[in-house]
Each structure stands twice: as C-alpha cells, then as structure tokens.
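Engineer: give the three-dimensional model of this entry:
(chains A and B)
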Amino acid sequence: MKHTMRVLIPSLALAALTATGCFVTSGQVLVKFDLPNPVHVTNTSLVNGIYVDLNKISAYKDHKDNIKNLTDIALLGTVTNNSGIPVDAEVWMVDGSSLTLTADQVRAQGVRVWGPFHMDASTGTPNPIQIGWDQSSALFGAGKAPLLAQVKGDGQFSLYVIAAAGTYDFSIVNGGLALVIGAGI
Amino acid sequence: MKRLSICLALACLSLAGVAHAGGIGIGVFGGASIPVIQDDTGRGSIYGVRVPVNLVPLLTIEPYFASTKGGDVKQDLFGSSYTRSGLDVTDYGANLLLTFGGPVQFYPFAGIGSFKLKRSGESDISQTGYNFGLGLGFGLPATGLALHLRGELAAAVDGDVSRKWGNVTAGLQYSFLKLPTP
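Structural biologist: Residues are numbered from 1 along each chain as shown, chains lettered A, B, ... in the order given. Below you'll find the model as predicted:
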C-alpha cells in the first residue's frame, strides 16, 4: 500500500504533464524591436512604412518554431505633439515590405494594431510624454490577433504611424516594439 | 550536500514511524512567489488557506485558496527604463498529499486548480493550473498545531505553454477534528 502510494502522486503529476503537452518547458520571452529614431509624422507628407523583420532578433529566432501565443505587447517611446491641435496617434500594420503611402491608403490596406494614443495640443514649448508599458499594452486590444498571426508567420510586416484624423504633426523618439511571446524553450 | 543529507535523514525518520491519525484541519500560509522564465512579471508574495482532510492512511485531500500579488518588473528598453505591473493570480483547487510520518511529516503533493490571472488595464484570464512539490510538517505536541514548509512549482496552462511560478511558503495548520483510524 505504502509503495503504491509513493508511486501514485509522482505518476499523477507525470500523467498531468503528459496529458497537457509539454507545457513545463515553455516561458514568456521578451522580443525587442527598435523603431527608427526619431519617427516624425505629419499629415502633409506621405507615410513611410517601418519594415519589421523579427528574424533579425535572436530572441525571436531562437523560439520561432515554438511560438504559441503573444502574452504581452507594447509600443514604447517618448512622443511629442508638435502642433497646436490635439492628436490621437495610431499604428497600423500592413503585411509585407514597407511602402510609402498616404494615410488613407494605410487605412485601406492595413489593420489598426495600436491606439488611439491621445496627446493634448502643444502650447508652444515641447511637452514630451513617455508612453507607459501598462498604458501602451492596453491600447493594442483587437490588434493583438493580427499581430500574433504575423509573429507566428514569417515575422515580416510593416508598421505605419498615423493619426486618427485631421491635421497633425508629432514625433516619437527612442521608440520600439516590445513583444512578450509564449514559446517552448 | 550537508543540507541534502539532513533532509534525507529527516525523510527516513518520518517514513520509519508512520502513524496514522485521520482528521480535518485548517491552515493559513504565506511566502514568496518567483516567476519562472517570465520576462513580464516580477517576484511577488503569496498567501492563502488550506483545509486538509485526511480520511485514509497516507492520503490527504486538501482544498485550497491562494492569492499571489505579482511584483512589478523593470526593463531597460530602447534607451529608457519601463515598468510593467506585476501579474496577480487568484487560484483555488485541491491538492493530493502523500503524507508520511507522525509529528514530523514529509510529503510530496500534486494538485489541480482554477487560476485567474489579473493585471491592471487588462481583461482577466482564467486557466486551469497544476502544481506539485514537496512539504515538511512539524507537529507541536498536544496543541493540534503544525508548522508546514513547502516548495512547489505552480503552472497556469494555456494550451502548450504555461506561466510558471516557484512558490516557497510557510504555514500554520490546526487540526480541529480527529477521526477514527480506519
């Protein structure tokens, strides 16, 4: 009886592990992608896509074949509204290589993955705002799913920074995309 | 090596003196919760309640409730320092303990539970979780009280991946109902 019991619990633990796949050998790994520095966005010029190739990042490359989910994501950096009009910044994603598009073309061809991030009107003196990780992560919402599809796919896509509407002029310095992937290790 | 020898000696002593006394108890516990390979949450604290029910020799079923407050994590990213709020976990379930010993108990255990993961500004996530580990219990004679020290690996599972924590806890348990030995 004692012997049976001694074997029982480890066996149950092993059975649980086996039944649920090899979930123990997994983790949540941070993948960082630097945006160009700075990113300057205005309504008067075309939008240059930011080409993202995650395959160049070792943390992604090391786990690419075992990515299961996207547990956390944030667009980070310091943003400054350079105009006297409030701005709602957004990031859109288009599959494939980066192009130079109008904001309307971006909206027609892509999917919004982040935003809107509201910035008050500039009062004349620069008022840079550091985007918080918690704050940014909450702005992904429905954009997480299409981004996960890209992350689990070829890891190559383009991001476009625009504003929701109207006249705008803002910039992002020291920006980047932080992805936390759930992957086998 | 010396510590391991002491642990093994304690385990042997407890196995040699198996003395069953069934019963029901209640205990509280607290300790440290350390994320395992999780870049987006930090070390935190855990506390909770356990209700051990020992009806047959060697086996104890233990419903439990636990709450973990995840610590914030700081990362240097893109030239600046950023803080991500810790992930809090509330879970309840039951453990199965294989208990050996009398006043000093040694027990491996495994459990299953429902885990709720919460973080500021995000929707709650509910997942099935598992835990397994080892415990040591030290009974205080004639009081019905026992001190329990445990180390466990807890995992909230989402398909083929999981979030894992190593929990180290100390608890105080009171046996309030003795049952006849079968």
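Engineer: given the longest strand anywhere in chain B, what are its sheet partners and their directions?
Structural biologist: Taking DSSP state E as the criterion, chain B has its longest strand at strand B:161-179. Strand pairing for strand B:161-179, using DSSP bridges, gives strand B:22-36 (antiparallel), strand B:145-158 (antiparallel).
Engineer: report the buried residues of the last one.
Structural biologist: Of the residues in strand B:145-158, those scored as buried under the neighbour-count criterion (16 or more other Cβ atoms under 10 Å in any protein chain shown) are B:146, B:148, B:150, B:152, B:153, B:154, B:155, B:156, B:157, B:158. Every C-beta, even on glycine, is put in place using the N, C-alpha and C of the backbone.
Engineer: CSV for the strands paired with strand B:161-179, including mean pLDDT?
Structural biologist: As requested, the strands paired with strand B:161-179 are exported to CSV (pLDDT from 0 to 100):
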stretch, mean pLDDT
strand B:22-36, 95
strand B:145-158, 96
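Engineer: now these as CSV including distance to residue A:86?
Structural biologist: Output for the strands paired with strand B:161-179, formatted as CSV (distance: least, Cβ to Cβ, whole Å):
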stretch, distance to residue A:86
strand B:22-36, 39
strand B:145-158, 39
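Engineer: pull the contacting residues for the most centrally placed residue in chain B.
Structural biologist: Geometric centre of chain B, nearest residue: residue B:152, 5.5 Å, by Cα atoms, centre = their mean. If you count contacts by Cβ atoms under 8 Å, 6 or more residues apart in numbering or on different chains, residue B:152 has them with B:109, B:131, B:132, B:133, B:134, B:166, B:167, B:169.
Engineer: ok, of the residues you listed, which come out buried?
Structural biologist: Taking 16+ other Cβ under 10 Å as the criterion, what is buried in these is B:109, B:131, B:132, B:133, B:167, B:169.
Engineer: farthest pair within those?
Structural biologist: The most widely separated members of those are B:132 and B:169, with 14.0 Å between them, by Cβ to Cβ.
Engineer: tell me how many other residues crowd residue B:82.
Structural biologist: The number of residues packed near residue B:82 is 21, by other Cβ atoms under 10 Å in any protein chain shown.
Engineer: now do the SS call for it.
Structural biologist: Recorded secondary structure, residue B:82: strand (DSSP: H, G, I helix; E, B strand; the rest coil).
Engineer: for it, give its distance to chain A.
Structural biologist: From residue B:82 across to chain A, the span is 5 Å (Cβ to the nearest Cβ, to the nearest Å).
Engineer: which residues are in contact with the nearest residue to that residue once chain neighbours are set aside?
Structural biologist: With sequence-adjacent residues excluded and distances taken as Cβ to Cβ, 6 or more residues apart in numbering or on different chains, residue B:82 is closest to residue A:133, at 4.6 Å. Taking Cβ under 8 Å, 6+ apart, we find residue A:133 in contact with A:74, A:76, A:178, B:75, B:82, B:83, B:84, B:85.
Engineer: could you rerun that using 7 Å?
Structural biologist: A:74, A:76, B:82, B:83, B:84 (Cβ atoms under 7 Å, 6 or more residues apart in numbering or on different chains).
Engineer: over to residue B:70?
Structural biologist: B:41, B:42, B:44, B:86, B:87, B:88.
Engineer: again with residue B:60
Structural biologist: B:52, B:53, B:54, B:97, B:99.
Engineer: what helix or strand is it located in?
Structural biologist: strand B:59-71 (DSSP states H and E).
Engineer: what's the mean pLDDT across that strand?
Structural biologist: Average pLDDT, strand B:59-71: 97.
Engineer: got the angle between it and strand B:161-179?
Structural biologist: Here the directions of strand B:59-71 and strand B:161-179 differ by 130 degrees (axes from the mean of the first three to the mean of the last three Cα atoms, to 10 degrees).
Engineer: list the buried ones in strand B:59-71?
Structural biologist: By 16+ other Cβ under 10 Å, the buried positions in strand B:59-71 come out as B:60, B:62, B:64, B:66, B:67, B:68, B:70, B:71.
Engineer: nearest to chain A among those?
Structural biologist: Proximity of the buried residues of strand B:59-71 to chain A was ranked by Cβ to the nearest Cβ; the top entry is residue B:60 with 10.8 Å.
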